[in-house]
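> Okay, sequence plus prediction incoming.
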Amino acid sequence: MLASLSRAARRRLLALSAALLALCGVIVWWLVPFGSSVPSGSVTFSTGVPTGVYQRYGELLKRALAEDVPEVSVKLTDSEGSQQNLARVASGEADFTVATADAVAQYQRERRPGFERLRGCARLYDDYVQLVVRKRSSLQTVQDLRGLRVGVGQDGSGVRLIADRVLAAAGLATAKDVQAVSAGIDTMPGLLENGKLDAFFWSGGLPTQAVQALSERFQIRLIPLEAPLVDRLHDLGEETRHYRSAAIPADAYARAQDGRPIETLAVANLLVTTVEADTDLVEGFTRTVIRSRDRIGSRVHPAQLVDLRTAVYTEPLPLHEGARRYYRSVKP
């Protein structure tokens, strides 16, 4: 048949065949990522206290990963929070975790074991500092906490780090000017409700389930952390540049806020791993974090704020190569 065609027709047919072969090659390249292998194995994800946002986010992310990277088994472990999470990943006790940017900066500044191995996968959502008191309390400012029983988070938490700094910005030393109670978000609401605390600090996504539940059964309110206090906080050291002035929306805790936004400060959460983590695995984790935003966000509201446009900014951590590969693949 080919011989019966004119020379021009044969050339056109060969050109068309070559174009079709090239198109098939592109389609196969697109469908089969030859540069990547399917990740497999077991990893440990260090989360947070049982009723905190880290824990719930970790549970839902684990379900999403089971669909997206089914050959990877994910084990969740509770923790006291950001500081303990970073120590676990840096030591190899965990493979992935979530930690606040200020806790990462502190870990790096103090050159704690394994600090140079830490890498970022994604900027997630912001934590908001919440200073909770009974509604009928006379307390109005952070300075009013002098001499009182204050929940400051567990020793290994990001809450403790922020509480110490906010108190210092207000001219108070945690160790001597307040009766600091080391407790997590799983116990502080009950301690306030039962009269064993006068106030407690919490730093988490909005709304935090434990604070929401407390507001629905007990009258509470939030003390504002106003701009002058945040300015003084920034004067405490380089790590505090990761805090920014923010407002808790009026509907975050409707019963506690009486329809008013509350001034406070916010800090970004980062998905963290190490430089040695498998590139394909990190790419898969990062992809799932971005793609599962709406699914997880329907159950854990802060996850709705994960944004592809900002996820790549993991300062103060360098971006892991696997995460970089994912962001390049989706770059417009």
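On my side now, so go ahead. Keep in mind it's a predicted model, so treat the numbers as computed, not measured. Residues are numbered from 1 along each chain as shown.

> I'd say Tyr128 and Pro207 touch.
No: with contacts counted by CB atoms under 8 Å, Tyr128 stays clear of Pro207, the gap being 9.5 Å. All C-beta spots, glycine's among them, are computed from the backbone N, C-alpha and C.

> Looking at these two, which has the bigger crowd around it?
Counted by other CB atoms under 10 Å, Tyr128 and Pro207 do not tie: Tyr128 has more neighbours, with 25 against 22.

> and that one, that's in a strand?
Yes: judged by DSSP: H, G, I helix; E, B strand; the rest coil, Tyr128 forms part of a strand.

> Tell me the spacing between it and Arg136.
Per CB to CB, to the nearest Å, Tyr128 is found 24 Å from Arg136.

> swap in Leu161?
30 Å.

> what's the answer for Ile185, then?
Distance from Ile185 to Arg136, by CB to CB: 22 Å.

> again with Ile296
To Arg136, Ile296 is 37 Å away according to CB to CB.

> Leaving out chain neighbours, which residue sits closest to the residue nearest to the spatial centre of the chain?
Centrality entry for the chain: nearest residue to the mean C-alpha point is Asn269, 3.2 Å, by CA atoms, centre = their mean. Among residues not flanking Asn269 along the chain, Leu124 sits closest, at 4.4 Å (CB to CB, 6 or more residues apart in numbering).

> Verify the stated contact: the one you found with Ala268.
Yes: counting by CB under 8 Å, Leu124 does reach Ala268; the two are 7.4 Å apart.

> Mind checking which of these two has more residues around it?
Between Leu124 and Ala268, Leu124 has the larger neighbour count (other CB under 10 Å), namely 26 against 20.

> Which of the three states applies to the more buried one?
strand.

> all strands for the stretch 51-200 of the chain, in order.
Assigned by DSSP state E, counting those that start in this stretch, the strands in the stretch 51-200 of the chain fall at 72-77, 96-100, 118-134, 149-151, 179-181, 199-204.

> Please confirm that the residue nearest to the centre of the chain is located within a strand.
Yes: with three-state DSSP as the criterion, Asn269 is part of a strand.

> Give me the pLDDT for it.
Looking at Asn269, its pLDDT reads 97.

> Surely it and Asp126 touch.
Yes: shown here, Asn269 and Asp126 form a contact pair, counting by CB under 8 Å, at 7.0 Å.

> tell me, what's touching the two both at once?
Both Asn269 and Asp126 are contacted by Gly205, under the criterion CB atoms under 8 Å, 6 or more residues apart in numbering.

> follow-up on the earlier one: between Ile296 and Arg136, which one's more packed in?
Neighbours per residue (other CB under 10 Å) separate Ile296 from Arg136, with Ile296 holding more: 23 against 8.

> Contacts for the strand or helix carrying that one, please.
Following DSSP states H and E, one finds Ile296 within helix 293-297. Helix 293-297 is contacted by residues Tyr57, Leu60, Leu61, Ala64, Ala303, Gln304, Leu305, Val306 when judged by CB under 8 Å, 6+ apart.

> Which residue is the nearest non-sequential neighbour of the second one?
For Leu60, the nearest residue in space outside its immediate sequence neighbours is Ile296; the separation is 4.4 Å by CB to CB, 6+ apart.

> Now do that neighbour against Gly322, distance only.
20 Å.

> Could you pull up the residues touching Ala227?
Neighbouring residues of Ala227 by CB under 8 Å, 6+ apart: Ser245, Glu263.

> So it versus Lys62, what's the distance?
Separation of Ala227 from Lys62 (CB to CB) stands at 39 Å.

> Repeat that for Ala250.
Here Ala250 is placed at a distance of 33 Å from Lys62 (CB to CB).

> neighbour count winner among these two?
Higher neighbour count among Ala250 and Lys62: Lys62, with 17 against 13, using other CB under 10 Å.

> That one is in contact with Val74, isn't it?
Yes: counting by CB under 8 Å, Lys62 touches Val74, with 4.7 Å between them.

> Quick check: neighbours shared by those two?
With contacts taken as CB under 8 Å, 6+ apart, Lys62 and Val74 have Phe45 as neighbours in common.
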